[in-house]
Every structure is written in C-alpha cells, then in structure tokens.
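*Asks:* Using only what follows, build the 3D model:
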Amino acid sequence: MNSLDKYDCAILAALQADATLSISGLSEKVGLSSTPCWKRVKRLEEEGYIESRVSIVNRNKVGLPVTVFVSVRTVEHDEKWLERFAAAVMALPEVLEFHRMSGDVDYLLKVVTTDIGGYDRFYKKLIKTAQLSGVSSAFSMEQIKYTTALPLDLISHGLPA
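*Replies:* Residues are numbered from 1 along each chain as shown. Predicted coordinates:
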C-alpha cells in the first residue's frame, strides 16, 4: 500500500505533465503554498516516488523513427546467465525497455533505431550477447498511444474506498 494523499498525487500528476514547473507554479496548480509543496516534492524524491526528471525527445525528429518489439527465447534460465545477458542487453543503447516475461517468451525488448539496416545491426549485436534459442521481431507500424504518465487516479490516495 502507498502512503500518498491527494496532494502528493496532484504533485506527481502535475510533474508528469511538466517537470519544468517551478515550485510556485506547482504549488498554485495543486492548491498548496510554496513551502509545503517544496517539502512534499523533496519527500517524494527521497522516498523514490520521483525517480528523475527528464525531457522527452521526439524520436522521429532526431532520426530514430523505427520501433521494434523483440521477443527472446532461451533454454538458459540460471541466475549467472541472466546476469550476463542483462548486463549485455542494458549496454545496447537501442534498447529502451527490457522485460523478463511469463509465458512463451522469456524476454521482451523495446528497441528504437534508424531503419531496417539499423535494426539488422542491432540484431547482430544482440545475438552475440548470449546463446538464444529464438529471436522474433515485430515492427511497430504506427504508434497510436504513447504516454509516460502513470494513471494516478487509479490509486486510493490514502482515502477509504
């Protein structure tokens, strides 16, 4: 269970929408004075609710328009193998997300790249990282929804249901 109240959630929601807000702008948005708002932001950072503040770069404008979801299967499932594989995959800059999965696929990677040739170069690096029993790629044809904002309205804000 989390210990967030409605003000904490309002702060998080506002910062998810615009991390450049000043404390005065944020406090105005959430209905708190500046000092209590600042203290809450600091607490949310210290407690790990706010991991970082970033700028979201338009991948098309910088020349990385291709998104590929890569499914990986392996016959290896021991801890040492996973440590080596995870370290190798995390070192590949094309990988934005890396998940260990349940079901038929062991790992799922979200990869961005320049074009088909860029993906082929990535694929060749990936298969050198470890013994894999299967790699399957699905190219995104169109991104229909994209957000980095968590749906904070789904949590209870510490209030009774």
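
*Asks:* isn't there a helix covering Thr148?
*Replies:* No - secondary structure of Thr148 (DSSP: H, G, I helix; E, B strand; the rest coil): coil, not part of a helix.

*Asks:* Run a quick check on it versus Leu15, I expect a contact.
*Replies:* No - counting by Cβ atoms under 8 Å, Thr148 does not reach Leu15; the two are 11.1 Å apart. Where you see a C-beta, it was placed from the backbone N, CA and C, and this is true even at glycine.

*Asks:* Centre-most residue in the protein?
*Replies:* Glu97 (6.4 Å; Cα atoms, centre = their mean).

*Asks:* so where is the protein shaky, pLDDT-wise?
*Replies:* 1-2, 157-161 (pLDDT under 70).

*Asks:* repeat that for 50
*Replies:* Low-confidence segments of the chain, defined by pLDDT under 50: 1, 161.

*Asks:* Tell me where it has helices.
*Replies:* 6-17, 23-30, 34-46, 79-90, 116-129 (DSSP state H).

*Asks:* Same list (those helices) but as JSON lines, adding distance to Arg73 and mean neighbour count.
*Replies:* What follows is those, written out as JSON lines (distance: least, Cβ to Cβ, whole Å; neighbours: other Cβ atoms under 10 Å):
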{"stretch": "helix 6-17", "distance to Arg73": "35", "mean neighbour count": "18"}
{"stretch": "helix 23-30", "distance to Arg73": "46", "mean neighbour count": "17"}
{"stretch": "helix 34-46", "distance to Arg73": "39", "mean neighbour count": "15"}
{"stretch": "helix 79-90", "distance to Arg73": "12", "mean neighbour count": "13"}
{"stretch": "helix 116-129", "distance to Arg73": "12", "mean neighbour count": "15"}
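
*Asks:* Please identify which of those is closest to Ile155.
*Replies:* Among the helices of the chain, the nearest to Ile155 by Cβ to Cβ is helix 6-17 (6.9 Å).

*Asks:* Perfect, I'm done here.
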